[in-house]
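1. any chance you could fold what I've pasted below:
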Amino acid sequence: MCGIVGLIGSSASVERVGRMANAVRHRGPDGEGVWHAKGVALAHRRLSIIDLSPAGQQPMVSHDGRYQIVFNGEIFNYRELATKLDAVWRSESDTEVLLEAYRAWGPRCLDELVGMYAFAIWDTHEQTLFCARDRLGIKPFYFAKCGEGWAFGSEIGALFAAGVVARANEAVIYDFLARDFYEHTDGTFFAGVGQLPPAHWMTLSVGTQPRPQRYWDLAAEASKITPSTDRKKRGELLLATMQDAVGLALRSDVPVGITLSGGLDSAVLLSLVDRAQPHRERIAAFSFEFDEVEYSERPWVEEMARHSGHHVTFRTIRPSDFIATLDPIIAQQQEPHAGAPITAYSLCFESVRSHGVVVVMDGTGIDEGLAGYGRFAPAHWADLAATEQWAQLDAELAASNTTREAAHDRMIAAASHHGDIGRGQDLTTSVRPECLTGALTTCAPPLPVFERPFTDCLRNLMYRELRYTKLPRALRFRDRLSMAHGCELRPPFLDHRLLAYMFALPAEDRISGGTTKALLRDAAASELPDALRLAAKRSVQTPQREWFRGALAGWLREQIDTPRFWSRGWVERSAAMAALSRFQAGEGDNSFFIWQWLALHRWAERFL
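-> Numbering: from 1, shown residues only. Reported below is the predicted structural model:
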């Protein structure tokens, strides 16, 4: 894990790329490298994880001298790839293996990679820059025009250090405020700054426009898999595939830890880590809690600790932490983001690093691959209705304490393209478009049409969450928060092979009898006690609603009700303050719209 930056064009210089590298120095506290030639400059900030010796430093030149690489992330299967390449190795780093794989196979090397990555390779013969990003977008890659050439980096701030001007992208701001959509396109909150889409590569050169090329298709990969007709065997293969992903993600030359919520995914991850790593004392575990007992995951996390024999370090999160971390986190994220949960994750990563742990894993990916969120159930019901499986539909509805009539509107919304616009994960209204100014409304882009590559509503909704509307925002904030503290976050359950298998499974392996992640719960019977294995899904929740009505109510009004915020021309003061007053008086439970205004204001003050 590192920070990468670069320039191509006449503006490329050691001095300018050095400023860019300095902007991402927190991503790589262990060293810096720069390479420069006419019309190109590359730089790298190193967080040493695999091959800690100087041989692993970047930028790195290929064996034949033709290519220079800067690389952020990990290629988990680098040892296996090395055996397929005809090379005399100078290091034990995955960077060298990646570079030689590109030298040997060109863009086809991407088909061979298992990992999380964003990298750029300069071809000294062709004078072009090959850029690629991993299949799920775990690692970031931003780029923008810079003079007649291009600038790129792991974070947007690096582009500003190169001279790119920060300007608000009001179409993205509209989607954020009116539709609760962000990170769903290749654009950003800054006009003229783009990001390379997940599972794409592109070539940058002076005088040409990039044309990203897709190299991986989840639906196509899932269609190649024929799951066993034996449910027990499907469960066994699921656990085996998860185990392989965890084993690869444990490859590291520095201490590895794990962050835990109280859910099934964390419990399974901890169990598989212990199976792959017999020396349990080497794997440190971390979690967070709130003083508000109803939001605490601690009882379930402690049950995991008792079952596994791990000690867990907890960080307690309070309203004062939210205030203290607000502006630093805005600076780290560089774009508006989710609410109070970010504070909890930030302080948890701070705790991880303070205990000497550099690599940390989490359970992200199972909810997206096995329909773990409650909002997926209506899509499953819609599929049962569409295929006239009435008995099974009634059984699922009964298990969820509802009826066809009561579930009708939710099923219609789940089956449509835009039925849940402006709604949170709990399907409550999360935005207040009526509070936006007429000027911002004129910037509204067309409603997004998300790809629907599957034949059923459930998998199309799962895919939308994975590719567009939920996972991308989670990956962005977790990357920035972990890297701000010099930690590498690894989500082994986002292994593309595992995701393809999960998306190939029959629907009853995801939702059955009102139970989510049904196959995993059954398969984990030998791994976990029932208290963990059968516990209902609990999304990570925070007392943001209570804080905004209680301890932080006055502070919040002071922060939002400022002439500088209203003068931006995005939110209309009288309507917004009336909505805030109604919320603080007890109307509604979703406070995200208030967080949006606060985050947008603090972001604009910091960057515009």
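
2. sec struct for the residue nearest to the spatial centre of the chain, please.
-> The centre of the chain sits closest to Leu475, judged by CA atoms, centre = their mean, with a distance of 1.2 Å. The three-state label given to Leu475 by DSSP: H, G, I helix; E, B strand; the rest coil is helix.

3. would you agree it is in contact with Ile138?
-> Yes - using CB atoms under 8 Å, Leu475 is in contact with Ile138, at 5.6 Å. Placement of C-beta: from N, CA and C, glycine included.

4. any idea which helix or strand in this protein has the lowest mean pLDDT?
-> Across the helices and strands of the chain, the lowest-confidence element by mean pLDDT, DSSP states H and E is helix 530-533, at a mean of 86.

5. buried stuff in that one?
-> In terms of neighbour count (16 or more other CB atoms under 10 Å), helix 530-533 has its buried residues at 532-533.

6. what's the next secondary structure element after that helix?
-> Downstream of helix 530-533, the first helix or strand assigned by DSSP states H and E is helix 544-549.

7. how about that following helix as PDB, C-alpha atoms only?
-> Taking only C-alpha atoms (Å, rounded to 0.1, in the frame of the first residue of the first chain), the coordinates of helix 544-549 have been written out as PDB:
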ATOM      1  CA  GLN A 544     -25.900  10.300  15.000                       C
ATOM      2  CA  ARG A 545     -29.700  10.900  15.200                       C
ATOM      3  CA  GLU A 546     -29.500  11.200  19.000                       C
ATOM      4  CA  TRP A 547     -26.400  13.400  18.900                       C
ATOM      5  CA  PHE A 548     -28.000  15.700  16.300                       C
ATOM      6  CA  ARG A 549     -31.100  16.100  18.500                       C
END
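
8. helices or strands up against it?
-> In terms of contacts (3 or more CB pairs under 8 Å, 6 or more residues apart in numbering; DSSP states H and E), helix 544-549 is packed against helix 573-584, helix 592-607.

9. now that helix, how far from the centre of its chain.
-> 25 Å (CA atoms, centre = their mean, to the nearest Å).

10. number the residues from 53 up from this point.
-> Right, with 53 as the first residue, what we last looked at is helix 596-601.

11. what is whichever helix or strand comes after it packed up against?
-> Next along the chain after helix 596-601, taking DSSP H and E as the criterion, comes helix 605-612. With contacts defined as 3+ CB pairs under 8 Å, 6+ apart, the packing partners of helix 605-612 are helix 625-636, helix 644-659.

12. in stretch 620-628, which residues are buried?
-> Going by neighbour count (16+ other CB under 10 Å), the buried part of stretch 620-628 is 620, 622-625, 628.

13. and that stretch, average pLDDT?
-> Across stretch 620-628, pLDDT averages out at 97.

14. span of it from start to end?
-> Distance across stretch 620-628, first residue to last, is 14 Å (CA to CA, to the nearest Å).

15. can you list contacts of that stretch?
-> 222, 225, 229, 484, 486-489, 491-492, 612-613, 617-618, 649, 652-653, 656 (CB atoms under 8 Å, 6 or more residues apart in numbering).

16. these, buried ones only, as a ChimeraX selection?
-> Here is the ChimeraX command that selects the buried residues among the contacts of stretch 620-628 (16+ other CB under 10 Å):
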select :222,225,229,484,487,488,489,492,612,617,618,649,652,653,656
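
17. need the pLDDT of the closest residue to Phe128 other than its chain neighbours.
-> Nearest residue to Phe128, sequence neighbours excluded (CB to CB, 6 or more residues apart in numbering): Leu300, at 3.8 Å. Looking at Leu300, its pLDDT is 97.

18. so what are the domain limits for this structure?
-> 54-267, 271-421+522-585, 431-476+478-521, 595-660 (automatic domain parsing).

19. got the contact list for Ile369?
-> 340-342, 395-396, 399, 594.

20. which of these has the largest number of neighbours?
-> Taking other CB atoms under 10 Å as the neighbour criterion, Phe340 ranks highest of those with 28 neighbours.

21. check contacts around that residue.
-> 366-369, 396-397, 399-400.

22. of all these, which comes closest to His252?
-> Taking CB to CB as the measure, Tyr397 is the one of the contacts of Phe340 closest to His252, at 27.1 Å.

23. tell me the contacts of the closest one?
-> Contacts of Tyr397 by CB under 8 Å, 6+ apart are 340, 529-530, 533.

24. at 10 Å instead, please
-> Tyr397 makes contact with 311, 340, 367, 369, 381, 390, 414, 526, 529-530, 532-534, 541, 592 under the criterion CB atoms under 10 Å, 6 or more residues apart in numbering.

25. still on that earlier bit, make CSV out of the buried residues of stretch 620-628 and add distance to Leu270.
-> Formatted as CSV, those follow (distance: CB to CB, whole Å):
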residue, distance to Leu270
Arg620, 38
Trp622, 35
Val623, 37
Glu624, 41
Arg625, 44
Ala628, 40
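
26. what segments of the stretch 53-202 of the chain are strands?
-> 54-60, 84-89, 92-98, 112-113, 119-127, 167-175, 180-185, 194-198, 201-205 (DSSP state E, counting those that start in this stretch).

27. swap that for the stretch 353-502 of the chain, please
-> Going by DSSP E, counting those that start in this stretch, the stretch 353-502 of the chain shows strands at 364-369, 411-413.

28. doesn't Leu510 make contact with Trp466?
-> Quick fix: residue 466 reads Ala, not Trp. Yes - under the criterion of CB atoms under 10 Å, Ala466 makes contact with Leu510 at 8.3 Å.

29. shared neighbours, these two?
-> Joint contacts of Ala466 and Leu510 (CB under 10 Å, 6+ apart) are 428-435.

30. which among the strands of the stretch 353-502 of the chain is found nearest to Ala75?
-> Per CB to CB, nearest to Ala75 of these: strand 411-413, 23.5 Å.

31. any idea how far the closest one is from the middle of the chain?
-> 14 Å.

32. that strand packs against which elements?
-> helix 283-301, strand 308-311, helix 316-328, strand 336-342, helix 393-406, strand 540-542 (3 or more CB pairs under 10 Å, 6 or more residues apart in numbering; DSSP states H and E).

33. so what strands line up beside that strand?
-> strand 308-311 (parallel), strand 540-542 (parallel) (DSSP bridges).

34. tell me the least confident of the contacts of Tyr397?
-> Scoring these by pLDDT puts Val592 last, at 58.

35. what's around Gln636, how many residues?
-> 17.

36. for the closest residue to Tyr234 other than its chain neighbours, give its distance to Ala496.
-> Closest residue to Tyr234 in three dimensions, ignoring its sequence neighbours and counting by CB to CB, 6+ apart: Phe228, at 4.7 Å. Using CB to CB, to the nearest Å, Phe228 is found at 12 Å from Ala496.

37. quick revisit: same list (the contacts of Ile369) but as TSV, adding distance to Ala587.
-> Below are the contacts of Ile369 laid out as TSV (distance: CB to CB, whole Å):
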residue	distance to Ala587
Phe340	18
Glu341	17
Phe342	19
Thr395	25
Ala396	20
Leu399	25
Thr594	19
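
38. tell me which of the helices and strands packed on strand 411-413 sits nearest to Ala450.
-> The closest of the helices and strands packed on strand 411-413 to Ala450 is helix 283-301. By CB to CB, the value is 22.1 Å.

39. just the CA atoms of that closest one, as CSV, please.
-> In CSV, the C-alpha atoms belonging to helix 283-301 read as follows (Å, rounded to 0.1, in the frame of the first residue of the first chain):
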residue,chain,number,x,y,z
ARG,A,283,-26.4,-27.7,-1.1
LYS,A,284,-23.8,-29.1,1.3
LYS,A,285,-21.2,-29.2,-1.4
ARG,A,286,-22.0,-25.6,-2.4
GLY,A,287,-21.5,-24.5,1.2
GLU,A,288,-18.2,-26.4,1.4
LEU,A,289,-16.9,-24.8,-1.7
LEU,A,290,-18.0,-21.4,-0.4
LEU,A,291,-16.0,-21.8,2.7
ALA,A,292,-13.0,-23.2,0.8
THR,A,293,-13.0,-20.2,-1.6
MET,A,294,-13.2,-17.8,1.4
GLN,A,295,-10.4,-19.6,3.1
ASP,A,296,-8.2,-19.3,0.0
ALA,A,297,-8.9,-15.6,-0.2
VAL,A,298,-8.0,-15.1,3.4
GLY,A,299,-4.8,-17.2,3.1
LEU,A,300,-3.6,-15.0,0.3
ALA,A,301,-4.6,-11.8,2.1
